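Colleague: Give me the fold of what follows.
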Amino acid sequence: MDSKLKESLQQLHSTLATSGPVDEELQGLLQKLDVDIKLLMEKRAAQEQEEESTTYGLAERSQELSAKFAVKHPKLEPALRELGEILANMGI
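Modeller: Model prediction:
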């Protein structure tokens, strides 16, 4: 599951690089989500037990971002939607 998440993040970064400018608010939200996901992956690699409630909400936040991007950046929305689904399937 982690490899699928990494692949989805790489796809999102590639799509962002080729889609043109993104407004500052959405860019900031994406960067925060990216940092949180990377931190979570590091914690999961270091610990074999379930993460506590500090990781709750990443899937929901990615879905909210997906909705915002659907309006302004329709090319990015599918990548964010897939990321949200992967996070939800991981129980995050």
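
Colleague: got the contact list for the lowest-mean-pLDDT helix or strand in the chain?
Modeller: For the chain, counting by mean pLDDT, DSSP states H and E, helix 58-72 ranks last in confidence among helices and strands (a mean of 76). Judged by CB atoms under 8 Å, 6 or more residues apart in numbering, the contacts made with helix 58-72 from elsewhere in the structure are 22-23, 26, 29-30, 33, 36-37, 40, 76-77, 80-81, 83-85, 87-88, 90, 92. (Glycine included, C-beta is placed from N, CA and C.)

Colleague: Which members of the residues you listed are classed as buried?
Modeller: Among the contacts of helix 58-72, those classed as buried by 16 or more other CB atoms under 10 Å are 22, 29-30, 33, 36-37, 40, 76-77, 80-81, 83-85, 87, 90, 92.

Colleague: Do a quick rundown of the helices in the chain.
Modeller: According to DSSP state H, the chain carries its helices in the segments 2-18, 24-46, 58-72, 77-89.
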